[in-house]
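[1] Pasting a predicted model and its sequence here:
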Amino acid sequence: MKTIGIIGGMGPLATVDLYRRIVLRTKAAKDQEHLHVLIDSNTNIPDRTKAIIAGGEDPVPQLVKSAEILKQSGSDFLIMPCNTAHYFIDDVKAKVEIPFVNMLSETVKYTYNKYGKDTVVGIMATDGTIKSKLYERYYSEAGIKTVIPDKTQEKIMKFIYDIIKSGKYDEGTDLMFECVEELKSMGADTFLLGCTELSSAQYLYKFEGPFINPMEILTEASIIYAGGELN
């Protein structure tokens, strides 16, 4: 069995949810059959969106710091429960020699296998992920069409930062579903929860539908890569 290293803190709830999903989705009858997981919940990692679009502090040094800590602590491979942070993944890999399971690559593979090449993916994500065209590039390589919000991007950012990251969970998902409706009107038939706060929101509110949840996809890929079995 391989030891999983989680570069966490982006945000803390997403980190907790990923670890919880790994535990719940691993087939195990006793403690010793679960996977060895190391977590560095590094809340000092600067905001990834600000770094991409507003000249904010570079998160790479702190991402590298976490990667080194996890490697030295015995991790065999690393995962990051933050979609936007994958904008910097090549910079981190250039400085730390350890395998990564890439959440975005796994998400595109899952989308293709489940929904086919002709699906139209509506992307809900941070401004950093949207403006960097991060997911668009990954999906384009697989020949899958994507659409992004126009009028409701501000609302999805408000939902991510002012509700989920701020812990105001009782305020519901109205802002997010306004974005879903706009994406539907643009031709989307599947909807990417392209920020781990949106993945956490699905666990919190238990909403269903043709939603693509990268955190759940990363959970499954990580368990299999580590040598475990899925529940």
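    It's in. Model, not experiment: these values are computed from the prediction.

[2] doesn't L13 make contact with S200?
    Yes - between S200 and L13 there is a contact at 5.1 Å, judged by Cβ atoms under 8 Å. Bear in mind the C-beta positions are built from the backbone N, C-alpha and C, glycine included.

[3] which residues do the two both contact?
    I164 (Cβ atoms under 8 Å, 6 or more residues apart in numbering).

[4] Of those two, which one has the most company?
    Using other Cβ atoms under 10 Å as the criterion, S200 and L13 rank with S200 on top: 25 against 19.

[5] So that one versus I217, what's the distance?
    Counting by Cβ to Cβ, to the nearest Å, the gap from S200 to I217 is 14 Å.

[6] same question, F159
    Per Cβ to Cβ, F159 is found 21 Å from I217.

[7] Between the two, which is the more surrounded one?
    The residue with more neighbours, out of F159 and I217, is F159; 26 against 21, by other Cβ under 10 Å.

[8] What sits closest to the more buried one if chain neighbours are left out?
    L175 (4.0 Å; Cβ to Cβ, 6 or more residues apart in numbering).

[9] my read is that neighbour is in a strand, agree?
    No - according to DSSP: H, G, I helix; E, B strand; the rest coil, L175 belongs to no strand; its state is helix.

[10] For it, which residues are in contact?
    The contact partners of L175, by Cβ under 8 Å, 6+ apart, come to 152, 155-156, 158-159, 163.

[11] Buried among those residues? Need that as a selection in ChimeraX.
    In ChimeraX, this line selects whichever of the contacts of L175 come out buried by 16 or more other Cβ atoms under 10 Å:
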select :152,155,156,159,163
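
[12] need the contacts of L175 in TSV with secondary structure, can you?
    Below are the contacts of L175 laid out as TSV (three-state DSSP):
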residue	secondary structure
T152	coil
K155	helix
I156	helix
K158	helix
F159	helix
I163	helix
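
[13] And the contacts of L175, which is closest to E136?
    Among the contacts of L175, I156 lies closest to E136 (Cβ to Cβ), at 15.9 Å.

[14] Could you list the buried residues of stretch 115-125?
    Buried residues in stretch 115-125 (16+ other Cβ under 10 Å): 115, 119-125.

[15] Could you check how far that stretch is from the centre of its chain?
    Remark: stretch 115-125 is offset 16 Å from the chain centroid, using Cα atoms, centre = their mean, to the nearest Å.

[16] what sits up against that stretch?
    For stretch 115-125, contacts defined as Cβ under 8 Å, 6+ apart pick out 83-84, 111, 129-130, 134-136, 139, 142-149, 156, 176, 179-180, 183-184, 186-195, 198, 210, 212.

[17] Please pick the buried ones from those.
    Buried members of the contacts of stretch 115-125, counted by 16+ other Cβ under 10 Å: 83-84, 111, 129-130, 134-136, 139, 144, 146-149, 156, 176, 179-180, 183, 188, 190-195, 198, 212.

[18] Out of these, list just those in helices.
    Among the buried ones among the contacts of stretch 115-125, the members falling in helices (DSSP state H) are 111, 129-130, 134-136, 139, 156, 176, 179-180, 183, 198.

[19] Kindly reformat those as CSV containing pLDDT.
    Listed next are these as CSV, based on pLDDT from 0 to 100:
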residue, pLDDT
T111, 98
T129, 94
I130, 95
L134, 95
Y135, 96
E136, 97
Y139, 98
I156, 96
M176, 96
C179, 98
V180, 98
L183, 98
L198, 96
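
[20] Tabulate the residues you listed in CSV, adding columns for distance to S73.
    Listed next are these as CSV, based on distance: Cβ to Cβ, whole Å:
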residue, distance to S73
T111, 33
T129, 29
I130, 34
L134, 29
Y135, 31
E136, 35
Y139, 34
I156, 35
M176, 36
C179, 39
V180, 40
L183, 41
L198, 30
